[in-house]
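> my questions are about this predicted structure, shown below with the sequence.
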Amino acid sequence: MLGGFVSDTNNTTDWAAIESWDRRYYLHNTAASTEYAFTGVERVDGNYITLADGSTLLDFQSQLVSDSMGHRHEAPHNAIRQAMERYGHVFFGMATTYRAEAAKLLVEDVLGAPNSWASRVRFLTSGTEAVENAVQAARLFTGKTLVMTQAHSFHGMASGSTFLRGYRGNVTVPGDRGFTQVRDIPGVPAPGYIPIPPPEHTDYLDDGTLPSLAATEQLIRACGAENIAAIITEPMFGAAGLMPHKDYYRGLHELMRRYGILWIDDEVLCGAGRLGEWFGYQLTPDIAPDIMIVGKGINGSSLPSGGMVVNEAIGDFLEAARWWSGSTWDGHPLVCASIVGTLSYMLENDILSTVRQRGQYLRQSLDHLASQHSHIGRVSGAGLYHAVDLVGVDGKPLIEDDRYTGFAGDLSRNPNAIISGACAEKGVFLGGFVPNTIKCAPPFTITEGEIDHAMEAFDFALRKLAEVYSG
Ligand SMILES: Cc1ncc(COP(=O)(O)O)c(C=O)c1O
């Protein structure tokens, strides 16, 4: 049989053929073939995923904290459909209506130019690519090499952005004793990238300078501020589900300004409303980045997207020069149309208020769950992104490596695996990336009733966790 749509006479998918081709020919991410669980998706609608067997899952994680408008939302979808009547691909040397409109919407209507820090944007087709552009721009502008990057942070999976990654382990290979060998990309840790300590958690209690900031200042002085182009950060960490202490970003911003270091703010996951502000840096009043990276929610992940916003000085420098950069897909008209559709809808319908209101309901529900389950050690977050850290009876992380995990050994006993398996039994897609942390990040279209459904599933899953870890 030739490839393409596989159907029987009733026009239904032949899932057996699909599974066999997927297992045989696709090069899979993150799971080894011996442990890969085939999960066929028949379709996605609104806040739900319909699986091959006809059952549905409430998507309480917005896929990879990415599909913020739910699935196939009419705003980006209608915009893409309309754009397809006029455009396919147009390369970056020519201008389309959508590219200009998307840039104006983001820089002027959302970020407030010309009365704000932001001056220009370049649209790309992934967050990773935007990170690579940002690091190049910072190095070219400053003429400096070093980039500082927070432990536990995540900035993408291409080689350059992988060097900015705050957790380790690129490939965990099987051996005689299971998955014990973690191999980094040769060259890691790479020259030019300096890790700084992760921020303290929201419940860190001591007064005075945060230890992470004191250590960062020591590192700046040890490396020499004259060698450091930028510090790249995440507002709330995506992969690691870590919400920084409330004083962290004000302190880090002050350090960067004092030592003349650019701030690259990676808002791929937290931007476009996720934390209840347009961008996560706005949770701390009166601070602003020099370069900001966007992606995911900027078009509800209706098409692959990313973008780099720069301040006026960097924008002027690069715009006055011949910057040999770019990819075939920069400013792609269909991607830009999806951004126009999403941002216009968000502005016209005051989606930020919805995120704040539903976010408050989610937080209250999680706090209630925490009062019932001793394995919940901490709930932290903002807007519609809250992380739940799971602990043992001693209050310590259940899996000792916690956010330093190398994804080695038997992962099926990890709390995140137990929780996600049990939630799926109850029809909810919810889990986490690092072993002890569950990331609740539903689409902005979530209802209170759906939050209740997810909490019931989470409650059931926490009881299962207690059976494993409390005996
Ligand atoms: C903070 C952050 N930066 C960058 C990326 C990479 O973006 P993409 O997967 O679109 O390449 C991600 C992806 O999850 C992310 O969370």
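In hand now; what should we look at?
> can you list the residues of the chain near the ligand?
64, 126-128, 131, 154-156, 234, 238, 266, 268-269, 295, 306 (C-beta under 6 Å from any ligand atom). All C-beta spots, glycine's among them, are computed from the backbone N, C-alpha and C.
> closest one of those to the ligand?
Nearest to the ligand out of those is residue 127 (C-beta to the nearest ligand atom; 2.4 Å).
> domain parsing for the chain?
Annotated domains of the chain cover 39-72+351-469, 74-348 [automatic domain parsing].
> could I get these as JSON lines with mean neighbour count?
JSON lines is the format used below for the domains of the chain (neighbours: other C-beta atoms under 10 Å):
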{"stretch": "domain 39-72+351-469", "mean neighbour count": "19"}
{"stretch": "domain 74-348", "mean neighbour count": "19"}
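> export these to CSV and tack on mean pLDDT?
Shown next, in CSV, are these (pLDDT from 0 to 100):
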stretch, mean pLDDT
domain 39-72+351-469, 97
domain 74-348, 94
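> with distance to residue 19 added, can I get the ones you listed in CSV?
CSV is the format used below for the domains of the chain (distance: least, C-beta to C-beta, whole Å):
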stretch, distance to residue 19
domain 39-72+351-469, 7
domain 74-348, 22
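> quickly find the element holding the nearest residue to residue 389 once chain neighbours are set aside.
If the residues on either side of it in the chain are set aside, residue 389 comes closest to residue 378, at 4.2 Å by C-beta to C-beta, 6 or more residues apart in numbering. Per DSSP states H and E: residue 378 is located in strand 376-382.
> could you point out which element follows that strand?
strand 385-390.
> could you point out which element follows that following strand?
helix 415-425.
> extract the CA atoms of the helix or strand hosting residue 123 and return them as PDB.
If you go by DSSP H and E, residue 123 is part of strand 118-124. Output in PDB follows, covering the C-alpha atoms of strand 118-124 (Å, rounded to 0.1, in the frame of the first residue of the first chain):
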ATOM      1  CA  ALA A 118      11.000  47.500  22.200                       C
ATOM      2  CA  SER A 119      11.900  48.600  18.700                       C
ATOM      3  CA  ARG A 120      11.800  45.800  16.100                       C
ATOM      4  CA  VAL A 121      11.000  42.100  15.800                       C
ATOM      5  CA  ARG A 122      12.100  39.300  13.400                       C
ATOM      6  CA  PHE A 123       9.700  36.400  13.000                       C
ATOM      7  CA  LEU A 124      11.100  32.900  12.800                       C
END
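> neighbouring contacts of it?
99, 102-103, 106-107, 111-113, 130, 133, 292, 294, 305-312, 314-316, 319, 327, 329-332, 335-336, 339 (C-beta atoms under 8 Å, 6 or more residues apart in numbering).
> so what strands line up beside it?
The pairing partners recorded for strand 118-124 under DSSP bridges are strand 306-311 (antiparallel).
> residues touching the strand it pairs with, excluding its own?
For strand 306-311, using C-beta under 8 Å, 6+ apart, the contacting residues are 106-107, 111, 117-130, 133-134, 137, 268, 288-295, 298, 318, 339.
> for the nearest residue to residue 75 once chain neighbours are set aside, give its distance to residue 383.
Nearest residue to residue 75, sequence neighbours excluded (C-beta to C-beta, 6+ apart): residue 345, at 3.5 Å. For residue 345, the distance to residue 383 equals 17 Å [C-beta to C-beta, to the nearest Å].
> now swap in residue 321 and tell me
For residue 321 relative to residue 383 (C-beta to C-beta), the value is 38 Å.
> what does residue 54 give?
With the distance defined as C-beta to C-beta, residue 54 ends up 33 Å from residue 383.
> what does residue 94 give?
Using C-beta to C-beta, we find residue 94 at a distance of 38 Å from residue 383.
> can you check residue 346 too?
Separation of residue 346 from residue 383 (C-beta to C-beta): 13 Å.
> need the residues touching each of the two.
Counting by C-beta under 8 Å, 6+ apart, the residues touching both residue 346 and residue 383 are residue 273.
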